[in-house]
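Participant: predicted structure and sequence below. I'll ask about it afterward.
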Amino acid sequence: MIKHFAIGIVTLAVILSPWVTGGKYELHIATMVAIMGMLALSMNLMLRIGQLSMAHGAFMGLGAYTTALLCMKLNMPPVLAIVIAGLMVGLIAIVLGTIFLRIKGIYFVLLTYAFGEIINLIFQEWVSLFGGNNGLYGVPKLSAFGYRLTDPGTYYLLTVVFVAATYLLIRKIFRSNIGAILDSLEQDEPLSQSLGVNPLSWRIGVFAVSAMLASVAGSLYAFKIGFLSPQAFSFSLSVDLVVMNVVGGALSPIGPLLGALIIVPLPELLRSVKDYQLLCYGVVLLVFLVFFRDGLMGLIKKTQKAAI
Amino acid sequence: MIPLIEQIIVNGLLSGFAYIVMALGFTLIFGIMRMVNFAHGELYMIGAFTVLVFYGVLKLDFITSVILAIAVAVIVGALIERLLFRRFVGMELGGMIMSLALSIILQSLALIIFGPAERSVDRPFTGVWAIHHAVIAIDRAVVAMGSLIILAAFYTFLRYTRTGLAMQAVAQDRDTAGLMGVESNSIYLIAFAIGSGLAGVAGALMAPIYTISPYMGHLPLLKAFVVVILGGLGSVPGAVLGGLIIGLVESAFATLFNSTIALIASFVIVLLIIIVRPSGLLGKRQ
Amino acid sequence: MTVQLELRALKKRFGGLTAVNDVSFAVQTGEIFGIIGPNGAGKTTLFNLIAGVHRPSGGSILYRGQDITGFSCDAVARLGIARTFQATHVFKTESVYENLRRAALLARAYNPLALFRHARHTESPAQDERILEISRFIGFDSLLHAVAGTLAYGQQKVLGVGMALMTTPHLVLMDEPAAGLNPSEKRMIGELICRMRDDLGLDIVLVEHDMRLIMDICNRILVVNQGTPIAIGTPDVIKNDQHVIDAYLGVDYEFA
C-alpha cells in the first residue's frame, strides 16, 4: 500500500516538474512526450488485439492537417475542429478496416503500410491544400471558451490530461467486459463466433477508436507546433511508435508511455552522434526484440515476480 | 492515340518486369517462411550500391558488377536469415518488427558509409529502339530482358530441381516435407538467399536508371507490397500477374497524369480487388 | 409438432467435388435428430453448412420459417442456434465459472455501451444464478473454480455444451459430441443430451460416428453416403434398411 503511494507521488512529481520549473525547452520535450505517449497508446490498442498497424502516423497526420485546415480555412472553433477531425478519421478507419481486417494479420500490416505511404504522398503532392513539402504554416493556438492557450506550461498540462485520459480509457477497456470479449476473440475465435460475436465488427471498432485517439494526438500536435510538414507524419513515425511499444512493453498500457518517455528525448541526447542515431535505434529495437520481447514492463513484472 | 497507347503498354511491361523480380523475392520468402521482410527494400539498395562500387568506382564492366551484386545480396540474405530470421520462425509479428529493425540498421549503415547524397552511375547502354510507334530505351529493355532471364531461371529451378521441389514442399506443409527428409532449415536459408538475391539483382539492374541513395529501397518495397497484395501473398504466378498489372496501371496513369497519381491509382485498384477477393487474385483462400 | 429446422435440396461443391448433394430434411420440435454416415460421407460439411461456416452452393436452410441460407456463424448463433465442437473449445486459461459467464456475455455482445459499464468478473445476481443453474445441469457445480485447461478431455467437452446452453438457444447443433470419450463418458453425454431435450425443451441435431449412442438417443436418423442422403427414419427403420447396411458393408458395426 505504501509502495503504491510512493510510486504515485514520484510519478506525479515527475509529471509536474516541467510545469513547475517552467523551462521552455523542458516543457517542449515534455509536451512531445505526452503527445507521442498518447499516439503510442493508440497503436498499443491495436497490438493488444494482435494487429500491427503502420497507419497510425498517417492517422495522426490526417487529424493534424484536418484540424488545422478547419480552423484556418473555415474559422471553426478549435475544440469543434478536434472533434470533427477525430470523427472523420474514425470514419476513414471504419471504411479501411472493413477492407483490411477481413484477412490475415499480415495483409493488414502491408495494407496499413501502403496506406500510410499513400497519405504521406498526398500530403506532399497536394500543395494547394496541404502546403506540400514546405509545410502548412500559421496554425492558430488552441482556444476554448474565449481563452487562448499560449502559455506552454498550461498547454503541457492539457496534454497531460489527454494522455492520462487515454491511459485510463485503455486500462478500463481491457479490464471491462469489452476486454473479456477481445480476449475471447484472441484466445479462440471460432468459439467466440459460435457464441454470437462477429470478430470483424469488433476489430473494426477497436481500429476506429485507435485511429480517433491518434487523430486527437495529431490535433494537439498541430496546436502546439503551429506548423505541419509531411515529414512529421512519415513512415519513420510509425516505426518510432513500434519502437516505443517494444521497448516499453506492449502488454500493459504503461509500456508505451515508458517507451515514449525514453524514445522522444533520445534524438536530443544523441545529437552529437547524429549519424549514428538511426543505427542506435535499429540496434536497440533488435536487442529488445531478441532478448526482452515484453519490453521494460515485462522486465519489471518479472523482477516483481522474482522478488515474491 | 495509338502511339500513346503503345508507349504506355511498352513502358508498363518494362517496369512490370522489374516489379515482378522484386515482388517475387518478397513473396518467395513469405511463401516458404511465412515471414514479411521489411528489409527487402534494403537488399535492393545493397544491390544498387554494389554496382556503384564495382561499376561506378572500380570501373568493372556492368554485367560483372551485376553478378557481383547478386552474390553480395545472396550472402547478406543468407547471413541475416541464419542469424536473425531463423529465431522468429513461427512468430509472424515478431519477425516483421525485427525486419523493420533490420531495415533501419541497414539504411543507417549505408548512410554512415556512403553519406546521404544521391549518386548515379553512367548508363551502360545508350540509345533507343523503335518498335512500331513506341520508343524503348535500350537500358530499360536490358532490365526487362534481364528480368525475363531471371524469371525463367527461377521457374526452372522451382519446377525441375530437387531443391526447388523441396522448397515447394516446405511451403505447402513443413512437417510432411520433414517426414520426407526435407530439412526445413536449409530450405529456409536457400529461399531467403534467393529472395534476397532477387531484390539485389533488381536494384543492380535499376542502378543506372535512377539515382542511388540509402533511402532508395523505400519505394520499391512499397511497390512490391502492392504487387504482392494484388497477386496474393506467397503465390509465384500471383507476383507475375500482379507485377504486370501494376506496371501497366502505373504506366497509364503516370503518362496521363503524374507518378504520384499513378501510385495512388495502383493502391486504389488493389483495394477494390481486395474487397472482392481478399486473398488477392491468385492467393490462397482463407 | 412444428418444424424447427428445415433443409431443402441443400448442395455444396468444393471445386470439382460435391460434398453435399441434394439433402433435405425437417427437424421437429422436441427431437433429437442424428446424422450418420461412413467416413467422408459429407456429414461434417453438412453440419458446417447449417452452422454457418460454409455457404451452400444451392438449396436453402430455414429456421422457424426464416430463410437463414448463407448466414454467418455469429448470425446463426444470435437466432438461437447454438453449436458444440468436435474438438475441445474452451477458454483454457479461465475458470469454469468464467467460461460460462463469458459464453453468456458473448451471446449478448451486440450492445457495446452496456458492456463498458460492467467491470470484469462481477455479474448481476440474475446472471450469477443462471451460471449456477447451468453448471448444476451439466454436473459442474463443484468445479466452478477449476481452470478449464486442467479438466479432462471429456469434461472440457461437457463444459463446451454448458457454454452453448448459456446462450439460451432453442436448437443445439452438436458435432461428434462423443468423439474422444471413453464408454462411460459417452453414456453420460448421451444422458445429458436427452436431458437437454426433455428438461430444457431443446431441439438437437447431432452428427456422430458412434452407432450405439445414435441408436440409443435419437428420435430420427438421417444416413448420408458420399454427400447423398440414403435413408431417413427412426432407429428401428434405419437398422433394417438395406441401403444403409450396404453403405456400411465391410465395417464391423453392431446395429443391435
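Facilitator: Arrived safely, thanks for sending. Residues are numbered from 1 along each chain as shown, chains lettered A, B, ... in the order given.
Participant: residues in contact with the nearest residue to B:P208 once chain neighbours are set aside?
Facilitator: Spatially, and ignoring its direct neighbours in sequence, B:P208 is nearest to B:R123 (4.7 Å; C-beta to C-beta, 6 or more residues apart in numbering or on different chains). Just so you know, the C-beta spots here come from the backbone N, C-alpha and C atoms, and that holds for glycine as well. Residues in contact with B:R123 (C-beta atoms under 8 Å, 6 or more residues apart in numbering or on different chains) are B:139, B:208-209.
Participant: one more pass at 10 Å, please.
Facilitator: B:R123 is in contact with B:62, B:137-140, B:142, B:207-209, counting by C-beta atoms under 10 Å, 6 or more residues apart in numbering or on different chains.
Participant: surely it is in a strand?
Facilitator: No - under DSSP: H, G, I helix; E, B strand; the rest coil, B:R123 sits outside any strand and is assigned coil.
Participant: okay, it: pLDDT?
Facilitator: Here the pLDDT value assigned to B:R123 is 81.
Participant: that one and chain C, how far apart?
Facilitator: 50 Å (C-beta to the nearest C-beta, to the nearest Å).
Participant: which residues of chain A score low on pLDDT?
Facilitator: Applying pLDDT under 70 to chain A flags residues A:143-147, A:272-274, A:307-308.
Participant: now do the strands in it.
Facilitator: With strands called from DSSP state E, chain A shows them at A:136-137, A:143-144, A:147-148, A:227-228.
Participant: for the stretch 51-200 of chain C, same thing?
Facilitator: In the stretch 51-200 of chain C, the strands defined using DSSP state E, counting those that start in this stretch lie at C:58-63, C:66-67, C:81-84, C:171-175.
Participant: leaving out the residues flanking it, which one is nearest to the residue in the stretch 101-250 of chain C that chain A sits nearest to?
Facilitator: Per C-beta to the nearest C-beta, C:L106 is where the stretch 101-250 of chain C lies closest to chain A, at 4.0 Å. On the basis of C-beta to C-beta, 6+ apart, the spatially nearest residue to C:L106 that is not a chain neighbour turns out to be A:L195, at 4.0 Å.
Participant: next up, the contacts around the one you found.
Facilitator: By C-beta under 10 Å, 6+ apart, the contact list for A:L195 reads A:181, A:184, A:188, C:73-74, C:77-78, C:82-83, C:89, C:102-109, C:163-164, C:166-167.
Participant: try B:L102
Facilitator: Neighbours of B:L102 in contact, by C-beta under 10 Å, 6+ apart: A:282, A:285-286, B:37-40, B:42-43, B:80, B:84-85.
Participant: give me whichever of the strands of the stretch 51-200 of chain C is most buried.
Facilitator: Stretch with highest mean neighbour count among those: strand C:81-84 (a mean of 28; mean count of other C-beta atoms under 10 Å in any protein chain shown).
Participant: where does chain B dip in pLDDT?
Facilitator: For chain B, the stretches with pLDDT under 70 are B:285-286.
Participant: helices and strands of chain C: which one has the lowest mean pLDDT?
Facilitator: Every helix and strand in chain C was compared by mean pLDDT, DSSP states H and E; the lowest is helix C:112-117, with a mean of 56.
Participant: next, give phi and psi for B:V128.
Facilitator: Dihedral angles of B:V128 (phi, psi; degrees, to the nearest 10) stand at phi -130, psi 160.
Participant: how near is it to chain C?
Facilitator: In terms of C-beta to the nearest C-beta, B:V128 sits 48 Å off from chain C.
Participant: neighbours around residue 9, how many?
Facilitator: You didn't pick a chain, so chain A it is. Burial of A:I9 is recorded as 10 neighbouring residues (other C-beta atoms under 10 Å in any protein chain shown).
Participant: chain B, not that one
Facilitator: 16.
Participant: for it, what are its contacts?
Facilitator: Shown in contact with B:I9 (C-beta under 10 Å, 6+ apart): B:16, B:134, B:247-248, B:251-252.
Participant: same check, this time on C:V244
Facilitator: C:36-38, C:221, C:223, C:225, C:230-231, C:233, C:237-238, C:253, C:255.
Participant: swap the cut-off to 6 Å and go again
Facilitator: Counting by C-beta atoms under 6 Å, 6 or more residues apart in numbering or on different chains, C:V244 makes contact with C:223, C:231, C:238.
Participant: over to B:G243?
Facilitator: B:G243 makes contacts with B:16, B:19-20, B:23, B:227, as judged by C-beta under 6 Å, 6+ apart.
Participant: next one: B:L230
Facilitator: Neighbour list for B:L230: B:242, B:270, B:280 [criterion: C-beta under 6 Å, 6+ apart].
Participant: again, only using 7 Å
Facilitator: B:242, B:245-246, B:270, B:273, B:280-281 (C-beta atoms under 7 Å, 6 or more residues apart in numbering or on different chains).
Participant: and these as CSV, adding neighbour count, secondary structure and distance to chain A?
Facilitator: Output for these, formatted as CSV (neighbours: other C-beta atoms under 10 Å in any protein chain shown; DSSP: H, G, I helix; E, B strand; the rest coil; distance: C-beta to the nearest C-beta, whole Å):
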residue, neighbour count, secondary structure, distance to chain A
B:G242, 30, helix, 13
B:I245, 22, helix, 15
B:I246, 30, helix, 12
B:V270, 25, helix, 8
B:I273, 17, helix, 10
B:G280, 26, coil, 8
B:L281, 19, coil, 13
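Participant: just the closest of these to C:L173, please.
Facilitator: The closest of the contacts of B:L230 to C:L173 turns out to be B:G280 (C-beta to C-beta; 33.1 Å).
Participant: next up, phi/psi of that closest one, please.
Facilitator: Main-chain dihedrals, B:G280, degrees, to the nearest 10: phi 90, psi 170.
Participant: tell me where the stretch 1-150 of chain B has strands.
Facilitator: Going by DSSP E, counting those that start in this stretch, the stretch 1-150 of chain B shows strands at B:128-131, B:134-137.
Participant: in whichever strand or helix holds B:S251, which residues are buried?
Facilitator: Using DSSP states H and E, B:S251 falls within helix B:236-256. Across helix B:236-256, burial judged by 16 or more other C-beta atoms under 10 Å in any protein chain shown covers B:236, B:238-255.
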